[in-house]
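Visitor: Okay, structure incoming, though there's no sequence with it:
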């Protein structure tokens, strides 16, 4: 019965308000970026929008380990990808200015796709070697300005809610620029809205920010070790049912 009334609330109140909030946030981002303030407007409108999204859908987010990161340091954040609310929980509650590295297909989303492009978020295009080089060049421009990036190294949202093996891209980026990697564990997003679901459920998401994995003294990483450390850190804060099958 509670879920019945929640669905009514979603359709009558939450969805219309969220549609308006999305248009407003995207419009402000586009306008601010056009005025040359993309660094600020690529983050703050999205942060507020994500918090509004969670509040209106009755999703609570708890953050652990925020003391492990410094606002003035550039990082490559790597997080597991349980569901759509991974985006809202990180955008709204990480507390660190960053740019997303996201699938190029997301650029087609009305308003949102264009606002992400003009504000400096990075669309990953691996369709050709030349496209991959352009993606890396875009990432380099962002990181050279002291910005951080967030990547989901699993690539896609998990169908079963479990942690799956990481791809190399994010870690190559960290190695290329000698940046510390910060693993992030998202726990609870799968229960709120798993892949394939059309509507969310009320819930509680826990965002665990682990300690950074720094580059060595010469500014490089051991790539296999970096990937393994990051994977194990993310897995350590997951309940047994969401851990890797091995």
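Guide: Nice, I can see it. Given the structure is predicted, the values throughout are model-derived calculations rather than measurements. Numbers count the residues shown, from 1 in each chain.
Visitor: how about the nearest residue to residue 85, chain neighbours excluded?
Guide: Nearest residue to residue 85, sequence neighbours excluded (C-beta to C-beta, 6 or more residues apart in numbering): residue 189, at 4.2 Å. All C-beta spots, glycine's among them, are computed from the backbone N, C-alpha and C.
Visitor: since we're on the one you found, how many residues are nearby?
Guide: A count of neighbours around residue 189, defined by other C-beta atoms under 10 Å, yields 31.
Visitor: wouldn't residue 106 be in contact with residue 117 here?
Guide: No - at 10.0 Å, residue 106 and residue 117 do not qualify as touching, with contact defined as C-beta atoms under 8 Å.
Visitor: overlap in contacts of these two?
Guide: residue 123 (C-beta atoms under 8 Å, 6 or more residues apart in numbering).
Visitor: Please pull up the helix or strand immediately following the longest helix seen in the chain.
Guide: The longest helix of the chain (DSSP state H) is helix 15-34. Reading on from helix 15-34 to the C-terminus, the next helix or strand found by DSSP states H and E is helix 38-41.
Visitor: And that next one, what's buried?
Guide: The neighbour-count check on helix 38-41 (16 or more other C-beta atoms under 10 Å) flags 38, 39, 41 as buried.
Visitor: Make a markdown table out of those residues and add distance to residue 205 and pLDDT.
Guide: A markdown table is the format used below for those (distance: C-beta to C-beta, whole Å; pLDDT from 0 to 100):
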| residue | distance to residue 205 | pLDDT |
| --- | --- | --- |
| 38 | 28 | 84 |
| 39 | 27 | 86 |
| 41 | 26 | 91 |
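Visitor: Residue 150 falls within a strand, correct?
Guide: Yes - applying DSSP: H, G, I helix; E, B strand; the rest coil, one finds residue 150 inside a strand.
Visitor: from the buried residues of helix 38-41, which is closest to residue 146?
Guide: Nearest to residue 146 among these, counting by C-beta to C-beta, is residue 39 at 9.3 Å.
Visitor: Surely the closest one is in contact with residue 142?
Guide: No - between residue 39 and residue 142 there is no contact under C-beta under 8 Å: 9.6 Å.
Visitor: got any residues that touch both of these two?
Guide: Joint contacts of residue 39 and residue 142 (C-beta under 8 Å, 6+ apart) are residue 120.
Visitor: Which strands and helices lie in contact with the helix or strand that contains residue 224?
Guide: Per DSSP H and E, residue 224 falls inside helix 223-236. Here helix 223-236 touches strand 76-79, helix 169-177, strand 181-187, going by 3 or more C-beta pairs under 8 Å, 6 or more residues apart in numbering; DSSP states H and E.
Visitor: ok, and the closest non-adjacent residue to the residue sitting nearest the centre point of the chain?
Guide: With distances taken as C-alpha atoms, centre = their mean, residue 87 lies nearest the centre of the chain, 4.7 Å away. Counting by C-beta to C-beta, 6+ apart, residue 87 lies nearest to residue 50, which is 7.2 Å off, once chain neighbours are set aside.
Visitor: what's the weakest-modelled helix or strand in the chain?
Guide: Lowest mean confidence among the helices and strands of the chain (mean pLDDT, DSSP states H and E): helix 129-144, at a mean of 75.
Visitor: returning to what we had before: contacting residues around the residue nearest to residue 85?
Guide: Contact analysis of residue 189 by C-beta under 8 Å, 6+ apart lists 82, 83, 84, 85, 86, 89, 205.
Visitor: where does this structure dip in pLDDT?
Guide: The chain contains residues with pLDDT under 70 at 144-145.
Visitor: Let me know the outermost residue of it.
Guide: residue 1 (33.2 Å).
Visitor: Return the residues in contact with it.
Guide: With C-beta under 8 Å, 6+ apart, residue 1 has no contacts at all.
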